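Engineer: following is a predicted model, sequence given first.
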Amino acid sequence: MDNLLPKLDRIVIPERKLTHYALNPEKNKDKAEAFARALGFDLTNWQDLVDAIKTNLQNYPAKLKSDEGFGNKYEVVMRIKGPNGKYANVLTAWIDDSYTGEMRMINAYVDRPKGGMSNVD
């Protein structure tokens, strides 16, 4: 597939992005609830979400978003099946860090389509 995320073989998904933010209801209630409700991911199975992201990155195109002086930023929207058996689109954001040389995930959330309708099956 064309337009895959660069450096796919060297991606970094910081544990803290998931355990201290995206899946942590004390830090980001809405985001954590969306992951739990849509896909069944929470703090007990965060590593499964990492595995799902890594597996799906090779199947979805990356969109170059910006470079604010620290490296190119990319967005990859992928359809993930959660441990609850449901599917949802998950938006992941990445930076090709100019200083460290790593392709690092900087954000992840359940992507809600415009207009408020759910994309969860």
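Structural biologist: Cool, got the structure.
Engineer: show me what contacts residue 10?
Structural biologist: By C-beta atoms under 8 Å, 6 or more residues apart in numbering, the contact set of residue 10 is 102-103. For every residue, glycine as well, the C-beta is placed using N, CA and C.
Engineer: no no, residue 70
Structural biologist: 95, 97-99.
Engineer: how about a cut-off of 7 Å?
Structural biologist: 95, 97-98 (C-beta atoms under 7 Å, 6 or more residues apart in numbering).
Engineer: what secondary structure does it sit in?
Structural biologist: Under DSSP: H, G, I helix; E, B strand; the rest coil, residue 70 falls in the coil class.
Engineer: quick one: it from residue 32, how far?
Structural biologist: Separation of residue 70 from residue 32 (C-beta to C-beta, to the nearest Å): 27 Å.
Engineer: packing partners for the lowest-mean-pLDDT helix or strand in the chain?
Structural biologist: None of the helices or strands of the chain scores lower by mean pLDDT, DSSP states H and E than strand 62-67, at a mean of 92. Packing partners of strand 62-67 (3 or more C-beta pairs under 7 Å, 6 or more residues apart in numbering; DSSP states H and E): strand 72-81.
Engineer: got the contact list for the strand it packs on?
Structural biologist: 5, 39, 52, 56-57, 59-60, 62-67, 87-96, 111.
Engineer: what do you get if the cut-off is 8 Å, keeping everything else the same?
Structural biologist: Here strand 72-81 has contacts from 5-6, 39, 49, 52-53, 56-57, 59-67, 87-96, 106, 111, using C-beta under 8 Å, 6+ apart.
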